[in-house]
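Trainee: coords below, sequence missing:
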């Protein structure tokens, strides 16, 4: 059973934060608690994927309405807590996933939404 | 409605029924004996058999409910012909399991699951031993209650699910207990079961440090199960003895499992002390006898003694914990104990009871607690004092539609000699109650105000 941990938290200001001002293509520094957490997920053998997202000020939202493409600046919803990254973990059940989510550094102060992944069938390549 | 009809009807009430052969109209009609046996099996074994089927089916509530409904439908066909099995619960479990396997076999998408299940179950019969009072079956029920009370489910759904699965109550019965429309409740159950399935909420007793935090929901649920039995809001029998017994049994199990948690003993003591009044609570004519009218010699002294012992264990456990650990159940049990302490109702210390309700209101404020505090104050300081508090409550509007508020106001108005107003309130309460015993009581009182 795969679960996505959606990591929500208050955003660090752009000029204070590590992300945003780095040269393109270079991953910014990651703080020790996050390194430790990712390491723990790997050691437990439940880590499947995980990425950080750049700040929501870098987000662009696209909608298509009546055949027209509408492009707006910013995330889909403006809220105090924004999506900052995710992990995908492989667990037997919700209790294990919650246990893992509760160890995430962002759980202290922010919040982790735990969602089961139901997958998406991929069409066979044509030809 | 017979239990067999209820059994056949249950799943249909919750989702559009697929094909339901046999269950619809059993022909030939079962004899009265068989009917009674099926009804008894339904009452006694529904929750336990369902709990075991859910485990067999890897936590699939819907499939288990379907299998159990199938088993009851099969019972309707075969019991009149073959006789009533020696152990109906074992029979229903085996039959339900076989019906579930039939269904899975028919469903190609579940081919993998079938291989696993068949390997595990090949040739095994559910024996009487497995279904005894100890061991497997108890574990299944405990597992089921912790799953139903998982914090990932909304509180109202946890309670509904426990009543529906462990208590085997119908959706309309639960809807009345919650004062919500039936459709709302049905939807709540469907969503809860879907979430259990989609999010893979495990079917097990929580491990180690997760256990305490799961406890509150479990206790609240058991208390509501008890109340549904004790104050059944609809139907002929005012007291659904089996539900009370079931709640007490599960509460005792939880208290055994977590003896360090004061509230487990608090709840058990509360249930025992309330249940001790069960016999005295219903008058000869079937109407509810109020506490002050009850023949206290009919109170169950064994349960009272057990209740006091349990209460002591609760306070002893609380004394060992550093934080404020006297919770709502220990307080409510203390209130029940004040009543149980004396065989002469006029000796009851209503001031102590009002103080306990005050403490209760501090940790768990609710209009129902206020209603009870008002009644205690009316006993201690006279009906006028209580009536003032009830008027405030009525003005607040939170208890609109709750039958015990007009019933309590009616009682105080009657004692104050304001009979026409009392009559109006009895009428109001009658309009909100569909419990036969309670209605008889209200009608008797209404007649008195018109003398």
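Mentor: Looks like it came in fine. Owing to the predicted nature of the structure, the values given are computational and were not obtained by experimental measurement. Numbering: from 1, shown residues only, chains lettered A, B, ... in the order given.
Trainee: just checking, what packs against the longest helix out of those in chain B?
Mentor: As assigned by DSSP state H, the longest helix anywhere in chain B is helix B:32-56. Judged by 3 or more CB pairs under 8 Å, 6 or more residues apart in numbering or on different chains; DSSP states H and E, helix B:32-56 is in contact with helix B:3-14, helix B:61-82, helix B:88-106, helix B:136-148, helix B:155-165, helix B:241-257. From N, CA and C alone the C-beta is placed, and that goes for glycine too.
Trainee: Give me the phi and psi for the most centrally placed residue in chain B.
Mentor: By CA atoms, centre = their mean, chain B has its centre lying nearest to residue B:225, at 1.6 Å. Dihedral angles of residue B:225 (phi, psi; degrees, to the nearest 10) stand at phi -60, psi -50.
Trainee: Can you list the low-confidence ranges for chain A?
Mentor: Applying pLDDT under 70 to chain A flags residues A:12-28, A:127.
Trainee: can you give me the strands in it?
Mentor: Along chain A, counting by DSSP state E, strands occupy A:2-10, A:47-52, A:60-65, A:68-73, A:81-90, A:111-116.
Trainee: Put together JSON lines for these, with mean neighbour count and distance to residue B:94 on each row.
Mentor: Listed next are the strands of chain A as JSON lines, based on neighbours: other CB atoms under 10 Å in any protein chain shown; distance: least, CB to CB, whole Å:
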{"stretch": "strand A:2-10", "mean neighbour count": "19", "distance to residue B:94": "36"}
{"stretch": "strand A:47-52", "mean neighbour count": "14", "distance to residue B:94": "41"}
{"stretch": "strand A:60-65", "mean neighbour count": "9", "distance to residue B:94": "56"}
{"stretch": "strand A:68-73", "mean neighbour count": "9", "distance to residue B:94": "61"}
{"stretch": "strand A:81-90", "mean neighbour count": "18", "distance to residue B:94": "36"}
{"stretch": "strand A:111-116", "mean neighbour count": "16", "distance to residue B:94": "33"}
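Trainee: follow-up on the earlier one: name the nearest residue to the residue nearest to the centre of chain B, sequence neighbours excluded.
Mentor: Distances taken as CB to CB, 6 or more residues apart in numbering or on different chains put residue B:247 closest to residue B:225, at 4.4 Å, once the chain neighbours are dropped.
Trainee: Is any residue of the lengthiest helix in chain A near chain B?
Mentor: Using DSSP H to define each element, chain A has its longest helix at helix A:32-44. No - where contact is defined by CB under 8 Å from any CB of the partner chain, no part of helix A:32-44 touches chain B; the two come within 15.5 Å at best.
Trainee: can you count the residues close to the one residue in chain A that gets nearest to chain B?
Mentor: Nearest residue of chain A to chain B: residue A:93, at 3.8 Å (CB to the nearest CB). Residue A:93: 17 surrounding residues under other CB atoms under 10 Å in any protein chain shown.
Trainee: Report the separation between it and residue B:272.
Mentor: Note on residue A:93: its distance to residue B:272, by CB to CB, to the nearest Å, is 35 Å.
Trainee: Next: residue A:79.
Mentor: Here residue A:79 is placed at a distance of 49 Å from residue B:272 (CB to CB).
Trainee: Looking only at neighbour counts, state which of the two leads.
Mentor: Counted by other CB under 10 Å, residue A:79 and residue B:272 do not tie: residue B:272 has more neighbours, with 27 against 11.
Trainee: Name the secondary structure element that contains the residue nearest to that one when sequence neighbours are not counted.
Mentor: Excluding the flanking residues, the one nearest residue B:272 by CB to CB, 6+ apart is residue B:307, at 3.7 Å. Element membership for residue B:307, per DSSP states H and E: helix B:301-320.
Trainee: cool, and residue B:267?
Mentor: Taking DSSP H and E as the criterion, residue B:267 maps to helix B:262-275.
Trainee: Please work out the angle formed by the directions of that helix and helix B:301-320.
Mentor: Per axes from the mean of the first three to the mean of the last three CA atoms, to 10 degrees, the angle that helix B:262-275 makes with helix B:301-320 is 160 degrees.
Trainee: distance between helix B:262-275 and the chain's centre?
Mentor: Computed by CA atoms, centre = their mean, to the nearest Å, the chain-centroid distance of helix B:262-275 equals 14 Å.
Trainee: wait, what's in contact with residue B:329?
Mentor: B:219, B:223, B:263, B:266-267, B:269-270, B:314 (CB atoms under 8 Å, 6 or more residues apart in numbering or on different chains).
Trainee: among those, who's most crowded?
Mentor: Busiest of those [other CB under 10 Å] is residue B:267, holding 33 neighbours.
Trainee: So, low pLDDT: which residues of the stretch 301-450 of chain B?
Mentor: B:322-324.
Trainee: Going along the chain, name the helices of it.
Mentor: With helices called from DSSP state H, counting those that start in this stretch, the stretch 301-450 of chain B shows them at B:301-320, B:328-340, B:350-363, B:367-381, B:383-396, B:404-415, B:419-432, B:436-449.
Trainee: before we move on, the earlier item: how many neighbouring residues does the residue nearest to residue B:225 have?
Mentor: When neighbours are counted by other CB under 10 Å, residue B:247 registers 27.
Trainee: And for residue B:181?
Mentor: Residue B:181 is flanked by 10 other residues according to other CB under 10 Å.
Trainee: Same check on residue A:110?
Mentor: Residue A:110 has 16 neighbouring residues, counting by other CB under 10 Å.
Trainee: how much space between the closest residue to residue B:53 other than its chain neighbours and chain A?
Mentor: Spatial nearest neighbour of residue B:53, excluding adjacent residues (CB to CB, 6+ apart): residue B:64 at 3.9 Å. Remark: distance between residue B:64 and chain A (CB to the nearest CB, to the nearest Å) = 17 Å.
Trainee: Would you check that residue B:64 makes contact with residue B:58?
Mentor: No - with contact defined as CB atoms under 8 Å, residue B:64 does not reach residue B:58; the gap is 9.7 Å.
Trainee: so is the residue of chain B found nearest chain A in a helix, a strand, or just coil?
Mentor: Closest to chain A within chain B is residue B:202: 3.8 Å, counting by CB to the nearest CB. Here residue B:202 is coil, with the state taken from DSSP: H, G, I helix; E, B strand; the rest coil.
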